[in-house]
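Student: Provided below are the primary sequence and the corresponding predicted coordinates.
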Amino acid sequence: MYKDFVLKNKDTDILKFRIEDSPYGDYELTILEKYNTNKLFYPITLKMDDANELLEWIQERNIP
């Protein structure tokens, strides 16, 4: 099963990605579309083109 998400910086869409979960409990992330390639919009620790880095960043993030 999969679900699509949009990463935003305030009201600006940055990129669209899909997370698929497997029956074994692991996740696969695919970047579907990049809306904004300006590095200033991305979180400091996040690389723009690395799906694995984005997945790790999401898993470590604490939602307020």
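Tutor: Perfect, I can see it now.

Student: any stretches of this structure with poor pLDDT?
Tutor: Applying pLDDT under 70 to the chain picks out residues 63-64.

Student: what are the boundaries of the helices in it?
Tutor: Secondary structure of the chain by DSSP state H: the helices cover 51-60.

Student: the lengthiest strand in it pairs with which strands?
Tutor: In terms of residue count, the longest strand belonging to the chain (DSSP state E) is strand 12-21. For strand 12-21, sheet partners with direction are given as strand 2-9 (antiparallel), strand 27-34 (antiparallel), following DSSP bridges.

Student: and that strand, what's buried?
Tutor: Of the residues in strand 12-21, those buried under the neighbour-count criterion (16 or more other Cβ atoms under 10 Å) are Ile14, Leu15, Phe17, Ile19. For every residue, glycine as well, the C-beta is placed using N, CA and C.

Student: now stretch 42-49
Tutor: With burial defined by 16+ other Cβ under 10 Å, the residues of stretch 42-49 counted as buried are Tyr42, Leu46, Met48.

Student: for the second one, grab phi and psi.
Tutor: Per-residue torsions, Leu46: phi -100, psi 130 (degrees, to the nearest 10).

Student: give the contact list for it.
Tutor: For Leu46, the set of contacting residues under the criterion of Cβ atoms under 8 Å, 6 or more residues apart in numbering consists of Glu53, Leu54, Trp57.

Student: wait, the last one sits on Pro43?
Tutor: Meaning Trp57. Yes: taking Cβ atoms under 8 Å as the contact criterion, Trp57 and Pro43 are neighbours in contact, 6.8 Å apart.

Student: can you give me the separation between the nearest residue to Met1 once chain neighbours are set aside and Trp57?
Tutor: The spatially closest residue to Met1, leaving aside those adjacent along the chain, is Asp21, at 6.1 Å (Cβ to Cβ, 6 or more residues apart in numbering). The span separating Asp21 from Trp57 equals 17 Å under the rule Cβ to Cβ, to the nearest Å.

Student: ok, which of the strands paired with strand 12-21 comes nearest Arg61?
Tutor: Nearest to Arg61 among those is strand 2-9; the distance by Cβ to Cβ comes to 10.9 Å.
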